[in-house]
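Student: The sequence and its predicted three-dimensional model are supplied below.
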Amino acid sequence: MSTSARADTDVNSELTSQGTQDIASGRAVIDAAAKGLHALSDILGAEFAQAIEVLSKIAGEGASGRVIVSGMGKSGHIARKIAATLASTGTPAQFVHPGEASHGDLGMITEHDAVIAISNSGETHELSDLIEYVKRFGIPLISITSKEGSGLHRSSDVGLRLPSLPEAGAIGLAPTTSTTMTLALGDALAVALLERKGFTAGDFNTFHPGGKLGRQLLRVGALMHTGSDVPVIQSTRPMSEAILEMTSKHFGCTAVIDDEGRLCGVITDGDLRRHMGQDIMDREAREIMTAEPVCIQNTDLAAEALNLMNEREITVAFIVTNDNFPWGIVHLHDFLRAGVA
């Protein structure tokens, strides 16, 4: 018997009958959620495409509107997450609490916006003032509900329906399966809008500059040194000048450029050691340089550039333009300071 199999046997042998029942209950909840998601996928149709069309016109490329998401109770918690996901993927969005909306927050909703209202029953009375407001001002209303003939569904311009399935658990009252389906439907809306507008990883990084995700999406251009900080020497200049350039710029290397200013090689501390001799100061930079050095682009992901530098066992790399002109320089320490490792 393998070690992992023995470990599983040991764990199972320690379970009480109550523990076994707890695991069964947990699996039943997950199975109910999975069943709900499959059912939701099966019924997704024309209404979903209509909702995307409405949202893309209101808050898409060049539009000035936002997506207002609202819901009460557990639906409200899901609504907050949907608004956050929309915003983080390039669709301006905001959560508005239906209770607060009745006491002044309706002013947050403009005629340029669209509203997504969430209610499993479709009869949440706290949404009534919000529904009346958007109908009065002709603001597009998209509903998410499991009751096709409910008041919310009838009032909406586009009705997205959830499969009418029981909630998980013996009593089947706590919002579980329904909230999981609603959350998935919100994610589907956000991703479909993202893909319609051609949202890129670079765009995503704009809204996620902090944390591990931001570091993973960081570009080399955000780390590189440019301008007078970049060590550069003409290929025909003597090594005495090249060494002065290397020393003054503190990178332990210099770019070597041809008569047109294009990068043709680099000189590093290692090159100096390999060519050390009495006449090194009188030799030209092109005689000492390493030709065809490792170069990266400013648009490269910092993590990918760091991997390349590690593979080639170099601590410094030059950033070049598409025409091979040296633009910047980046050191291993720049990646470490930015938390890219």
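Tutor: Looks like it came in fine. This one's a predicted model, so the numbers in the text were calculated from it and none came from an experiment.

Student: Make sure Thr85 is actually in contact with Ala184.
Tutor: No - between Thr85 and Ala184 there is no contact under C-beta atoms under 8 Å: 11.1 Å. In short, each C-beta sits where N, CA and C put it, glycine included.

Student: what residue ranges in the protein score low on pLDDT?
Tutor: 1-13, 60-62, 199-217, 341 (pLDDT under 70).

Student: let's go with 50 and repeat that
Tutor: 6-7, 9 (pLDDT under 50).

Student: what residues go with each domain of it?
Tutor: Using automatic domain parsing, the domains assigned to the chain come out as 18-199, 220-337.

Student: Pull up the distance across stretch 271-284, start to finish.
Tutor: Using C-alpha to C-alpha, to the nearest Å, the end-to-end distance of stretch 271-284 comes to 13 Å.

Student: again, but for stretch 315-331
Tutor: Per C-alpha to C-alpha, stretch 315-331 runs 6 Å from first to last residue.

Student: and it, which residues are buried?
Tutor: 316-320, 326-331 (16 or more other C-beta atoms under 10 Å).

Student: ok, now how distant is the most far-flung residue of the chain relative to its centre from Val96?
Tutor: The outermost residue of the chain relative to its centre, with distances by C-alpha atoms, centre = their mean, is Gln278 at 55.7 Å. Distance, Gln278 to Val96, using C-beta to C-beta, to the nearest Å: 79 Å.

Student: Repeat that for Leu40.
Tutor: Leu40 is 25 Å from Val96, by C-beta to C-beta.

Student: And the strands in the stretch 51-200 of the chain?
Tutor: Ranges of strands within the stretch 51-200 of the chain are 67-71, 93-95, 114-118, 141-145, 158-161, based on DSSP state E, counting those that start in this stretch.

Student: just checking, what packs against the third one?
Tutor: Read it as strand 114-118. Under the contact criterion of 3 or more C-beta pairs under 8 Å, 6 or more residues apart in numbering; DSSP states H and E, strand 114-118 touches helix 46-59, strand 67-71, helix 74-88, helix 128-136, strand 141-145, helix 177-196.

Student: just checking, what packs against the third one?
Tutor: To tie it back to what came earlier, the one meant is helix 74-88. Using 3+ C-beta pairs under 8 Å, 6+ apart: helix 74-88 touches strand 67-71, strand 93-95, strand 114-118, helix 177-196.

Student: hmm, 10 Å instead?
Tutor: helix 46-59, strand 67-71, strand 93-95, helix 98-101, strand 114-118, strand 141-145, helix 177-196 (3 or more C-beta pairs under 10 Å, 6 or more residues apart in numbering; DSSP states H and E).

Student: Also the second one?
Tutor: Counting contacts by 3+ C-beta pairs under 10 Å, 6+ apart, strand 67-71 is packed against helix 46-59, helix 74-88, strand 93-95, helix 98-101, strand 114-118, helix 128-136, strand 141-145, helix 177-196.

Student: residues contacting Ala190?
Tutor: 55, 67, 82-91, 93, 199 (C-beta atoms under 10 Å, 6 or more residues apart in numbering).

Student: Neighbour count for those - can I get that in CSV?
Tutor: Shown next, in CSV, are the contacts of Ala190 (neighbours: other C-beta atoms under 10 Å):
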residue, neighbour count
Leu55, 26
Val67, 26
Ile82, 25
Ala83, 24
Ala84, 16
Thr85, 19
Leu86, 25
Ala87, 19
Ser88, 16
Thr89, 20
Gly90, 21
Thr91, 25
Ala93, 25
Phe199, 18
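
Student: of all the residues you listed, which comes closest to Thr180?
Tutor: Checking these against Thr180 with C-beta to C-beta, the nearest one is Ile82 at 12.9 Å.

Student: Let me see the contact set for the closest residue to that closest one other than its chain neighbours.
Tutor: Excluding the flanking residues, the one nearest Ile82 by C-beta to C-beta, 6 or more residues apart in numbering is Gly186, at 3.3 Å. When contacts are counted by C-beta under 10 Å, 6+ apart, Gly186 touches 69, 78-79, 81-86, 116, 118, 144, 160.

Student: Which pair of the residues you listed spans the longest distance?
Tutor: Longest span within those, C-beta to C-beta: Ala84 and Leu160, 18.9 Å.

Student: Can you say which of the helices and strands packed on helix 74-88 is nearest to Ala305?
Tutor: helix 177-196 (25.7 Å).

Student: ok, what's across the strand from Ala117?
Tutor: Ser70, Ser143 (DSSP bridges).

Student: quick revisit: any idea which of the contacts of Ala190 is closest to Ile131?
Tutor: Val67 (16.3 Å).

Student: My understanding was that that closest one contacts Lys57; is that so?
Tutor: No - Val67 is beyond contact range of Lys57, at 11.3 Å (criterion: C-beta atoms under 10 Å).

Student: okay, and the common contacts of the two?
Tutor: Common neighbours of Val67 and Lys57 are listed as 114, 140 (criterion: C-beta under 10 Å, 6+ apart).

Student: ok, Gly198 to Ser64 distance?
Tutor: Between Gly198 and Ser64 the computed distance is 19 Å (C-beta to C-beta).

Student: From Trp327, how far out is Arg262?
Tutor: 11 Å.

Student: what's near enough to touch the nearest residue to Leu183 once chain neighbours are set aside?
Tutor: Among residues not flanking Leu183 along the chain, Ile78 sits closest, at 5.3 Å (C-beta to C-beta, 6+ apart). The contact partners of Ile78, taken as C-beta under 10 Å, 6+ apart, are 69, 71, 118, 120, 144, 175, 178-186.
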